[in-house]
Each structure stands twice: as C-alpha cells, then as structure tokens.
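J.: make a model of this:
(one chain, ligands or ions: 2)
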Amino acid sequence: MAEHNVCVELVRERQKCTFEVQELIHLIDGGITATEERREVENVVCTDPRIKDVVPEEYLSHKERYENAIRKNCILQEILKKYTEKRTWDNFRPSNKYRISSGVVKDISPFMLHTGMFIPTLVNQSDDEQKAKWVPKAMSMEIIGTYAQTELGHGSFIRGLETTATYDPNTEEFVLNTPNLTSYKWWPGGLAHTANHCIVVAQLYSKGQHYGVHPFFVQIRDIETHVPLPGIKVGEIGPKLGFQTANNGFLGFENFRIPRRNMLMKNAQVLKDGTYIKSKNDKLTYGTMVFVRVIILFDLAFELSRAATIAVRYSAVRHQSQLKANEPELQIIDYVTQQHKLFIGVSTSHVFRVVGLWLWNTYVKVNADIGKGNMDQLPELHALACCLKAVCSRDAAARVEEFRLACGGHGFMTSSNLPIINGIVSASITYEGEFSVLMLQTARFLMKAWNGVLARKTLTPTVSYLSKFSNSDRVQWANTTAGIISGFQAAAAGKTKEAYAAIQSYLKPGTDYEDAWNSASVQLVSASEAHCRAILCEISWSEMQRLSKTVSPNLGKVLLELAELYLTYWSLEKRGDLLMYTTISTADIAKLQARYEELLALIRPNAVGIVDGFDIRDEILNSTLGAYDGRVYERLMEEAKKSPLNAEPVNESFHKYIKPLMLKAKL
Ligand SMILES: CCCCC/C=C\C/C=C\C/C=C\C/C=C\CCCC(=O)SCCNC(=O)CCNC(=O)[C@H](O)C(C)(C)COP(=O)(O)OP(=O)(O)OC[C@H]1O[C@@H](n2cnc3c(N)ncnc32)[C@H](O)[C@@H]1OP(=O)(O)O
Ligand SMILES: Cc1cc2nc3c(=O)[nH]c(=O)nc-3n(C[C@H](O)[C@H](O)[C@H](O)COP(=O)(O)OP(=O)(O)OC[C@H]3O[C@@H](n4cnc5c(N)ncnc54)[C@H](O)[C@@H]3O)c2cc1C
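T.: Ligands and ions are numbered 1, 2, ... in the order given. Predicted coordinates for the structure are as follows:
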C-alpha cells in the first residue's frame with residue numbers, strides 16, 4: 001500500500017507498532033501463498049474500471065441499484081472463474097479469504113444464495129447422478145439458483161411449511177402447489193429477478209400419504225428469455241432495513257409439474273410407482289442450514305474486521321476535546337472509554353475466526369462420519385452450530401453498533417459504510433434460524449445432557465464439563481485464564497441445572513412437558529447462552545495460545561493480549577453470573593477490572609497495526625472514515641459533493657413549494 005499521502009497520525013501509529021503487520025496478515029490468511037492469491041484476485045477485481053461507480057450506489061433508485069449490482073457481480077463472476085477453474089465444490093474449504101464481493105457492491109450480492117446455499121444443497125442432498133447433472137452447470141453459472149424454504153406464513157417452523165409436492169405416478173412427475181397466500185415462498189435471496197432455478201422445500205405427498213418436507217430442484221424461468229414459466233408466480237418483496245441488493249423474492253406455484261428425478265434423492269427417494277424410501281435420518285434435509293450456520297461465523301468475523309478497521313483508524317485520526325487545559329486536543333483513541341468501545345470488537349473478530357475454524361473442522365469430521373452412515377455426532381454439531389450462530393450474530397451486531405457510535409456523527413453517514421455493515425450483520429440474527437429459536441434448540445440438547453449427568457452417563461465432549469460442575473454449589477474461583485474458563489463452565493452448568501429444575505417445577509400434575517418448557521424458556525435461553533460463552537472462551541483461548549506459539553514472540557504477545565482481553569471483558573460483563581456460581585469475590589473483580597484496563601493500555605499502541613493486519617483494501621472497506629491513508633475529512637467532503645442535490649445551486653422545489661409558502665406568509 002502506498003505510504004505517501006498518509007495522514008500524520010496514522011504514520012505515527014504505524015511507527016509505534018511492536019510487531020510485523022505482514023506476519024499477522026499471513027496468519028489470518030492461513031499462509032503467505034494464501035495472502036498472495038487473495039491479493040492477486042482482489043487487485044484484478046478492484047482495479048477493473050468497470051467496477052467503479054460514478055454515482056455512489058446509495059443514490060440510485062431501488063431498480064437501478066439492483067441492475068448495477070447484477071452488472072458488476074457478473075463481471076466479478078467472470079473474473080473469479082479464471083481464478084477458480086481448478087476448484088470443485090468437493091475440495092472447497094472456507095479459508096479466511098475476504099469477501100471480494102464487498103469490493104464490487106457495498107450491499108449484498110444477488111448471487112449470494114447461489115453460491116452460499118443452492119450449490120451446497122445440490123452437492124450435499126443430490127444422489128451421484130443428480131450431482132453429475134446439476135453441479136457443474138451451477139458451478140459454471142449456466143444455471144443460477146437460490147434456496148426457497150421460508151414462506152409468508154412460516155420461517156422458523158419448517159414442519160409448518162404449506163407448499164405441496166404431490167407425486168403423480170401416471171406421468172412420473174411431482175405437482176407443486178401454493179394452496180394459500182401464506183404458502184407463498186417469501187425471502188429467498190436472488191429469487192425475484194436473478195435466479196432461473198431454485199431448491200424448493202415442500203411437503204411431499206405420494207400415494208395419499210404425507211411424508212414431510214423435502215428439497216426439490218425446480219426451474220422457474222425460461223433459460224433464454226428469463227420469462228417465468230407457466231404456473232410460476234414470482235416477484236420481489238420490496239425494500240428492507242438492509243440487504244437492498246439481495247433481490248429477495250416471493251414465489252407461488254399453480255399445478256406446476258417437475259420430473260420425479262427433480263426431488264433431491266441422496267437421503268430419501270420416491271420410486272416410479274410412488275413408493276417412498278425413508279432417509280436414514282430425516283434431519284439430513286436440514287443439512288444446508290447446518291452448513292451455512294457454520295459458515296456464518298467467518299462472515300461475521302469478516303464484517304467485524306471491516307467495522308473495526310474503520311472505527312480504529314478513524315479514532316486515531318480524529319481529535320476531540322482537551323484532557324488537560326492548554327494541551328492539544330486528544331486523538332479520541334486515547335480516551336480509555338473509546339478503547340473500551342473499540343478493542344473488544346477487534347478481539348471478537350479474531351475470536352470468531354478461530355472458533356469458526358474449529359467449528360468448520362468439527363463440521364467436516366461429522367459430515368464425513370455421516371457419509372459412512374454414522375449419525376452419532378449430528379446432535380452435538382447441530383447444538384453447537386445453533387448457539388454459536390445465534391450468539392455470535394447477536395454479539396457481532398452489538399459490536400458493529402458500538403463501532404458506529406464510536407465514530408460519533410460521522411458514523412451515521414452512509415459513506416462511513418457502518419450503516420450498511422450494520423444492516424448486513426443485523427440480518428444474520430434472523431436468517432438461517434432466528435436467535436431464540438436456535439438458542440432453544442441448543443437448550444434441548446443441554447436438557448438431554450443434564451439427564452445424562454443425572455444418570456451418570458459419559459457425556460459428549462462439548463458438554464462433558466457439565467458433569468464436572470454438577471455437584472459443587474459454588475466453584476472455586478482463580479484469577480487466571482484457566483480460572484475464567486472454569487468460571488464460565490460453572491455458570492453454564494449452574495444455569496443448565498436451574499433451567500432443568502424450572503421445567504420440573506412447572507411440571508405440575510396435568511401440565512404438559514411442552515407447556516413447562518415454554519414457561520422455563522427464558523431460563524433455557526440463558527443456559528444456552530452461558531454454554532455458548534463457555535465454548536467461545538475455552539476454544540478461543542486454546543486456539544489463540546496455539547497460534548501464538550507458531551509466530552514471532554512479538555506477534556504472539558499481541559494475540560494473547562487480544563485473547564485475554566476477550567476473556568476479561570466477558571468476565572466483567574457476566575460478573576453477576578460468576579458471583580452466583582463461583583467463589584469470586586469483589587476483590588477478585590477489582591483485580592479483573594485493573595487487568596482489563598492494563599490490557600487496553602497494552603493494546604493501544606498496536607491498535608492501528610492490528611487492524612492493518614486484517615489487510616482490507618480501501619475498495620472493500622468502502623469507507624470515508626476507514627481508508628488506509630486516514631484522509632477522513634477530505635473523503636467526507638468529496639463524497640458529500642457527489643450528492644445529486646449538489647449538482648445545482650437552487651433546487652426546483654424552492655420555486656415550486658418554498659417560495660409560494662413564503663409568499664403566502666407575507667399576505
Ligand atoms: C466462496 C464460497 C463461499 C460460500 C459461502 C458464501 C457466502 C456464505 C456466507 C454467508 C452466508 C450467509 C448468508 C446468506 C444470506 C442469507 C441467507 C439466509 C438463508 C435462509 O435464511 S434459509 C432459511 C433458514 N431457515 C431456518 O433456519 C429455519 C429455522 N428452523 C429450523 O431449523 C427448524 O425448523 C427447527 C430446528 C427450529 C425445528 O425443527 P423441527 O420442528 O423439525 O424439529 P424439532 O424441534 O421437533 O426437533 C426434532 C429433532 O431434530 C433435531 N434437529 C433440528 N434441526 C436439526 C438439524 N439441522 N440437524 C440435526 N438435527 C436437527 C432437534 O435437535 C431435535 O432433536 P431431538 O428430538 O433429539 O431433541
Ligand atoms: C435478510 C434475510 C434473508 C433471508 N433469506 C432467505 C433465503 O434466502 N431463503 C429462505 O428460505 N429464507 C430466507 N430468509 C428467511 C429467514 O430464514 C426467516 O426469516 C427466519 O428463519 C425466521 O423465521 P420467521 O421470519 O418466520 O420468524 P418467526 O419464526 O415468525 O419469528 C418471530 C418471533 O417469534 C419467535 N418464535 C418463533 N418460533 C418460536 C419458538 N418455537 N419458540 C420461541 N419463540 C419463537 C421468534 O423468536 C421471533 O421472536 C431470510 C430472512 C432475512 C431477514
């Protein structure tokens with residue numbers, strides 16, 4: 001990156017940095033080659049003149065914005081094809097490669113669901129013959145798809161979906177129907193005007209029997225003309241809080257016929273005569289959702305790293321207020337309250353990335369076992385993916401909002417990009433499983449685990465700590481990282497035990513278990529959160545410790561400071577829980593607070609270096625406040641001048657409305 005024209009504050013900050021930024025970049029990417037590959041692709045995409053907008057996308061109309069997003073994403077696909085020719089979905093691994101599409105459009109790509117869910121579903125739920133037929137076409141974008149599951153009436157409760165797929169053995173076809181208004185598919189990204197195919201999740205009927213929801217491969221538009229096929233009603237759902245360019249759509253079917261072999265048949269099948277062959281496990285239909293819940297952690301880590309880069313660089317450039325009379329105004333990053341807002345977000349990005357990689361490795365292993373017919377680890381994976389997706393998305397949204405607030409008024413500007421990142425991250429709390437719904441899924445697993453504790457059974461790895469802390473009233477506290485991790489486990493065990501007891505206490509004679517569950521569900525969600533925080537603390541600490549040993553001592557020290565900051569921050573946030581479930585004293589809490597403030601001071605000189613270590617190009621950051629050179633005020637003014645309102649000194653509304661109003665006032 002060019003060092004000329006960099007503002008004096010950022011030059012000074014970079015000189016202060018105690019570690020080699022390049023080393024951090026390689027660590028995050030997963031090696032020097034990975035960094036080089038990423039930078040090469042980013043360079044080609046971001047310097048392509050066709051990608052540059054003359055008018056910033058937020059000034060375009062809804063329609064123009066979509067068209068522009070499609071135009072530019074097609075260029076991106078064309079470039080990416082060259083770089084991914086050798087890649088097949090089977091050898092795909094989610095590396096830490098940043099989302100290049102953010103350098104193309106600021107908001108969401110209308111092709112996101114094609115890559116993120118359509119292809120993974122074809123890969124994971126089709127049989128070999130279907131895979132051979134569909135996957136290459138989808139990979140090359142000869143066909144473009146999405147994942148159409150949610151309906152107007154049902155999102156969380158998949159079993160309540162209403163779209164029907166009724167098998168007709170005479171023609172060997174399924175007939176798809178949308179029986180009610182509430183059965184319309186509603187939300188799928190790219191469904192409105194982008195996709196010509198989709199995976200449709202529908203209730204299967206054959207020989208008069210109902211077999212529950214299954215995935216179907218459905219063509220919805222003509223390949224040549226893109227006109228919706230007869231029997232298809234498709235359109236866009238309208239503007240949203242964010243995701244403006246995602247092209248979310250609705251879809252209805254009227255006696256729409258598809259061949260029998262368009263049901264994805266890896267797990268369950270319908271034979272020619274309509275005989276239904278059951279899946280080994282009917283939850284395998286939900287497999288794509290587990291995959292995406294895992295992947296979302298990387299996405300959140302990435303979005304946090306973007307927001308962190310913007311807010312930290314801005315905080316180094318911005319001066320405001322005097323701490324001492326007659327002294328220059330401070331860089332706002334030197335206010336400790338500002339460091340408190342910033343550094344936990346920086347550290348959280350690292351935590352989500354390393355825990356995400358750990359979860360991904362677990363996913364790969366469990367999926368391999370499932371392939372061999374062993375489903376034993378599926379419930380644990382599902383419980384992990386649910387709570388991690390739920391808690392991390394909620395935390396990420398809170399951290400992004402804090403970054404926005406940390407930038408004062410300028411953080412409210414669209415040109416800072418913090419509002420758009422905010423919209424992207426907030427959506428993730430809801431999509432792919434709503435927060436409370438997923439937390440209650442993990443709680444279900446925890447209640448079963450607690451039954452195991454009571455029956456003195458050996459528990460699966462991620463809940464084995466429950467047995468360790470099942471008897472003790474308050475666990476011995478130690479002011480060490482190991483002590484903090486034990487403290488979080490003790491809190492999770494205590495809350496699990498209490499939620500379990502709450503269900504029992506609500507189970508009066510005549511009360512159904514489900515009603516008792518509902519009455520205890522606030523406590524159940526709280527137990528899930530505590531379990532998730534124990535995992536985040538334990539795994540992030542062990543992973544960051546391991547990584548710190550693979551790098552130079554100077555960088556290793558910074559990684560450990562970030563990891564310890566995360567643990568200490570959450571100990572202080574959750575001090576009430578720790579006071580309830582461990583022997584922590586007020587003196588211990590004071591020590592934690594002092595250590596927390598010490599860590600803020602230790603991280604402070606490296607703050608800009610650490611966010612430089614995310615290595616996010618200006619074109620991908622898309623921010624007036626966060627660019628590498630720190631020319632914040634120049635960029636704010638340059639962007640303001642692009643407002644169409646500034647194209648003429650007097651807007652016509654003056655003559656049309658304001659002047660008559662003023663004249664009337666004179667009368
Ligand atoms: C370079 C390429 C990169 C590729 C990636 C690129 C980008 C990707 C990046 C990010 C992608 C992100 C974003 C894209 C943007 C937006 C996409 C949004 C797409 C969507 O938004 S798409 C719709 C998602 N929509 C949902 O997410 C609905 C949530 N609703 C459910 O998920 C279920 O409906 C549930 C679970 C609530 C109830 O379901 P239910 O009523 O049938 O089940 P029930 O409660 O009765 O449980 C019976 C037994 O099944 C077990 N069980 C349940 N689920 C399981 C599973 N998945 N696996 C294994 N076991 C499972 C239980 O644990 C229990 O087990 P037990 O009985 O033993 O306790
Ligand atoms: C930006 C965005 C993109 C999306 N993309 C897609 C897509 O590509 N494809 C697709 O199929 N879908 C997509 N969706 C839909 C998404 O998956 C659903 O919105 C989500 O699963 C939540 O379902 P819902 O909207 O029905 O919420 P609801 O389930 O109606 O939730 C409303 C409230 O009810 C509560 N609630 C519901 N059930 C329970 C329960 N059992 N216990 C306790 N509380 C409960 C929830 O906690 C929540 O507070 C997208 C959504 C968004 C916002």
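J.: and the residue of the chain found nearest ligand 2, which of the three is it?
T.: The nearest approach of the chain to ligand 2 comes at G155, 2.3 Å away (C-beta to the nearest ligand atom). Every C-beta, even on glycine, is put in place using the N, C-alpha and C of the backbone. Per DSSP: H, G, I helix; E, B strand; the rest coil, the secondary structure class of G155 is coil.
J.: pretty sure it is touching E432, no?
T.: No: counting by C-beta atoms under 8 Å, G155 stays clear of E432, with 10.2 Å between them.
J.: who's more crowded, the two?
T.: For G155 versus E432, neighbours defined as other C-beta atoms under 10 Å are more numerous around E432 (23 against 18).
J.: how much space between the more buried one and V391?
T.: The gap separating E432 from V391 is 14 Å, by C-beta to C-beta, to the nearest Å.
J.: dump the C-alpha coordinates for the helix or strand containing Y633 into PDB.
T.: Assigned by DSSP states H and E, Y633 belongs to helix 632-641. Provided in PDB are the C-alpha atoms of helix 632-641 (Å, rounded to 0.1, in the frame of the first residue of the first chain):
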ATOM      1  CA  VAL A 632     -11.100  11.400   6.600                       C
ATOM      2  CA  TYR A 633     -12.200  15.000   6.200                       C
ATOM      3  CA  GLU A 634     -11.200  15.100   2.500                       C
ATOM      4  CA  ARG A 635     -13.100  12.000   1.700                       C
ATOM      5  CA  LEU A 636     -16.200  13.100   3.600                       C
ATOM      6  CA  MET A 637     -16.300  16.300   1.600                       C
ATOM      7  CA  GLU A 638     -15.500  14.500  -1.700                       C
ATOM      8  CA  GLU A 639     -18.400  12.100  -1.100                       C
ATOM      9  CA  ALA A 640     -20.800  14.900   0.000                       C
ATOM     10  CA  LYS A 641     -20.100  16.600  -3.300                       C
END
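J.: can you list contacts of it?
T.: Contact with helix 632-641 is made by C7, P56, Y314, V317, R318, H410, M413, S415, T624, L625, A627, N646, as judged by C-beta atoms under 8 Å, 6 or more residues apart in numbering.
J.: just the buried residues from these, in PyMOL please.
T.: Remark: buried members of those, expressed as a PyMOL selection using 16 or more other C-beta atoms under 10 Å:
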select buried, resi 7+314+317+318+410+413+415+624+625+627
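J.: ok, of the contacts of helix 632-641, which one's closest to D577?
T.: The shortest approach to D577 among these belongs to Y314, at 33.9 Å (C-beta to C-beta).
J.: what's the average pLDDT for stretch 642-651?
T.: Across stretch 642-651, pLDDT averages out at 96.
J.: and if you look at stretch 76-93?
T.: Here the average pLDDT along stretch 76-93 is 65.
J.: stretch 507-523 now?
T.: 95.
J.: now do stretch 277-286
T.: 92.
J.: same deal with stretch 435-455?
T.: The model assigns stretch 435-455 a mean pLDDT of 98.
J.: now it: buried residues?
T.: Applying 16+ other C-beta under 10 Å to stretch 435-455 flags 435-436, 438-447, 449-450, 452-453 as buried.
J.: so of the residues you listed, which ones are in strands?
T.: The members of those all map outside strands under DSSP state E.
J.: can you narrow the residues you listed to ones near ligand 2?
T.: S436, L440 (C-beta under 6 Å from any ligand atom).
J.: any idea how far S426 is from the closest residue to L555 other than its chain neighbours?
T.: Spatial nearest neighbour of L555, excluding adjacent residues (C-beta to C-beta, 6 or more residues apart in numbering): F19 at 4.3 Å. Counting by C-beta to C-beta, the separation of F19 from S426 is 33 Å.
J.: cool, and Y184?
T.: 24 Å.
J.: is ligand 2 contacted by stretch 367-386?
T.: No: judged by C-beta under 6 Å from any ligand atom, stretch 367-386 makes no contact with ligand 2; its nearest approach is 12.1 Å.
J.: any idea which helix or strand in this protein has the lowest mean pLDDT?
T.: Least confident helix or strand of the chain, by mean pLDDT, DSSP states H and E, is helix 32-46 with a mean of 90.
J.: now do that one: which elements does it pack against?
T.: With contacts taken as 3 or more C-beta pairs under 8 Å, 6 or more residues apart in numbering; DSSP states H and E, helix 32-46 sits against helix 21-29, helix 62-83, helix 618-621.
J.: turn these into a markdown table, columns for mean neighbour count.
T.: Putting the helices and strands packed on helix 32-46 into a markdown table (neighbours: other C-beta atoms under 10 Å) gives the following:
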| stretch | mean neighbour count |
| --- | --- |
| helix 21-29 | 19 |
| helix 62-83 | 16 |
| helix 618-621 | 20 |
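J.: pick out the shakiest of these, pLDDT-wise.
T.: Looking at the helices and strands packed on helix 32-46, the bottom one is helix 62-83 with a mean of 92.
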